[in-house]
Each structure stands twice: as structure tokens, then as C-alpha cells.
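Undergrad: Okay, sequence plus prediction incoming.
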Amino acid sequence: MRRGARRAGRARAARAPPSGPARRAGRPRPPGPPGSVLRTDELAQRFDVSRTVVREVVRVLESMHLVESRRRVGVTVRPTETWNVYDPQVIRWRLAGADRPRQLRSLTVLRSAIEPVAAGLAARHATAEQCAELTERALGMVATSRGQQLEGYLEHDIAFHRIVLNASGNEMFARLGDVVAEVLAGRTHHQVMFEDPDPAAVTLHVRLAEAVREGDPEAAERITKEIAVGALHELDVLAP
């Protein structure tokens with residue numbers, strides 16, 4: 001049996017997602033399939049909330065381009081092509097659904113296209129403080145990579161990648177920090193992580209911190225590509 005398959009069998013159980021109208025409102029989602037039309041009073045009855053709450057939630061959903069509200073028509077669910085797929089709440093909702101494997105792969109491919117370039121830029125532009133923070137987070141990942149400390153590891157992992165994106169000096173890359181955070185959190189919370197992170201991946205993060213600190217953009221970009229390839233391989237095992 002392949003090592004990856006054995007580890008997949010020991011993947012960490014996901015926590016049950018919160019339920020209830022308040023939780024559903026906190027994790028916005030379309031009230032029906034694309035093209036469906038619903039009235040405010042119907043939504044209020046369906047979710048057992050006031051019309052005021054429904055109107056507030058609809059405004060949030062409109063800001064994400066998930067629905068469109070028009071007088072004398074109602075609330076229309078928009079086609080998926082119009083959704084703001086970079087919105088962290090939309091990512092969180094999609095990762096909680098049946099489309100999780102495809103969503104994870106799509107986001108991981110996005111990361112593989114962006115983060116190596118960002119890492120190369122970080123090696124050129126990172127400040128001494130950012131380099132120190134990156135090293136600290138890499139060491140934190142090492143310290144929490146054993147003993148099923150996935151929540152602690154996640155905290156350091158998210159912070160590590162945020163620093164790389166911010167240190168790139170490109171404000172467009174930096175704004176993707178929330179997207180990356182949702183991907184990493186979704187993998188951890190939805191059983192798409194091994195009980196303990198892959199040791200090779202942890203080592204690559206340490207090497208990336210070193211490359212950025214030493215001002216070696218070629219090495220930083222190459223190492224980040226290796227991290228992305230490893231992440232895609234894990235998806236092949238855990239979310240085929």
C-alpha cells in the first residue's frame with residue numbers, strides 16, 4: 001500500500017459544521033439553484049426569521065453577486081459565473097458543500113500560479129522584520145507538525161503565507177491572503193489533511209523562509225512550486 005494511501009486512512013475527522021438560522025446567515029449561501037425566484041416572505045417563513053433579517057441577508061448575498069433583488073419580481077439566484085468566487089465567505093460555503101474537491105483543486109491551482117511569483121518578489125523586497133516573522137512562523141509549523149496539533153499548525157501556516165504575499169510588495173497579491181487562509185482552513189476543517197502534516201512540506205516551508213531571508217528569488221520561487229505540487233498530490237489522495 002502506498003504511503004499516501006495509508007496516511008489518507010488516518011485523516012483527521014472533520015468537526016460538524018454549525019447549524020441553525022443564525023449560523024446559516026453567518027455563512028451566506030444562495031437560497032436555491034441558479035435562476036430560481038423567491039419572495040421575501042417565503043424566505044422568512046422557510047428559515048423562520050423576520051423579514052428584516054431576510055432583507056439584511058439578501059443585501060449581503062447581493063454584494064457577493066449571488067442573488068439579485070428586484071421589485072415585483074423577488075430574489076433571483078444569479079448564475080454561478082457571476083458569483084464573487086474570491087469572497088472568503090463564498091469560498092467557505094463552497095468548501096462546505098458537495099463540490100469541495102473541485103473547489104479545492106481550483107483554488108490550489110490558483111495558488112500554484114500566484115504564490116511562487118509572490119515568493120520570488122518577497123525574496124527581493126522583504127524587510128528584516130518580515131524575514132524574522134517568516135522564520136518564526138516556519139519554526140512554529142515545525143513545532144506543531146507532530147501530535148495531531150492541526151489547529152496550531154493551521155495558525156502558523158496561514159500566517160506564513162500571508163507574510164509571503166505581503167512581503168511581495170504587490171498589493172494585488174497581498175489581497176489574496178484571505179483566499180489562501182480559507183483554502184488552508186477548509187482543508188483542515190473538512191478532513192482534507194493528514195493527522196500530521198507531510199514532513200517534506202514542513203521542511204519546504206523552512207527552506208522557503210531561508211531563501212527569502214537570504215534574498216534568493218530563484219530558490220524561493222522553486223521551493224514554492226514544490227510546495228504547490230505537494231499540495232496537489234495530497235488532494236489526489238484525500239479529495240480525488
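TA: On my side now, so go ahead.
Undergrad: buried set for the one helix or strand T76 maps to?
TA: For T76, the host element (DSSP states H and E) is strand 74-77. In terms of neighbour count (16 or more other CB atoms under 10 Å), strand 74-77 has its buried residues at 74-77. Every residue, glycine included, has its C-beta placed from N, CA and C.
Undergrad: cool, stretch 210-228 as well?
TA: Neighbour-count burial for stretch 210-228, counted by 16+ other CB under 10 Å, picks out 210-213, 216-217, 219-225, 227-228.
Undergrad: Can you tell me which of these comes closest to E56?
TA: Comparing the buried residues of stretch 210-228 against E56 with CB to CB picks out A228 as the nearest, at 38.7 Å.
Undergrad: and the closest one, what pLDDT?
TA: Here, the pLDDT recorded for A228 equals 95.
Undergrad: Tell me what the closest residue to P33 other than its chain neighbours is bridged to.
TA: Computed as CB to CB, 6 or more residues apart in numbering, the closest residue to P33 that is not its neighbour in sequence is V77, at 6.5 Å. Taking DSSP bridges, one finds V67 as the beta-bridge partners of V77.
Undergrad: residues contacting V77?
TA: V77 makes contact with 30-37, 66-67, according to CB atoms under 8 Å, 6 or more residues apart in numbering.
Undergrad: how about a cut-off of 6 Å?
TA: Residues in contact with V77 (CB atoms under 6 Å, 6 or more residues apart in numbering) are 30, 32, 34, 36, 67.
Undergrad: Next: S36.
TA: With CB under 6 Å, 6+ apart, S36 has these contacts: V77.
Undergrad: Using the three-state scheme, assign the residue nearest in space to the middle of the chain.
TA: By CA atoms, centre = their mean, the chain has its centre lying nearest to V183, at 1.7 Å. At V183 the chain is in helix, as set by DSSP: H, G, I helix; E, B strand; the rest coil.
Undergrad: do you know how far it is from F173?
TA: V183 sits 15 Å away from F173, taking CB to CB, to the nearest Å as the criterion.
Undergrad: got it, and D87?
TA: As defined by CB to CB, D87 lies at a distance of 17 Å from F173.
Undergrad: quick one: the helices in this structure?
TA: Counting by DSSP state H, the chain has helices at residues 3-8, 21-26, 40-47, 51-63, 88-95, 100-125, 128-143, 150-167, 171-174, 177-189, 199-213, 217-238.
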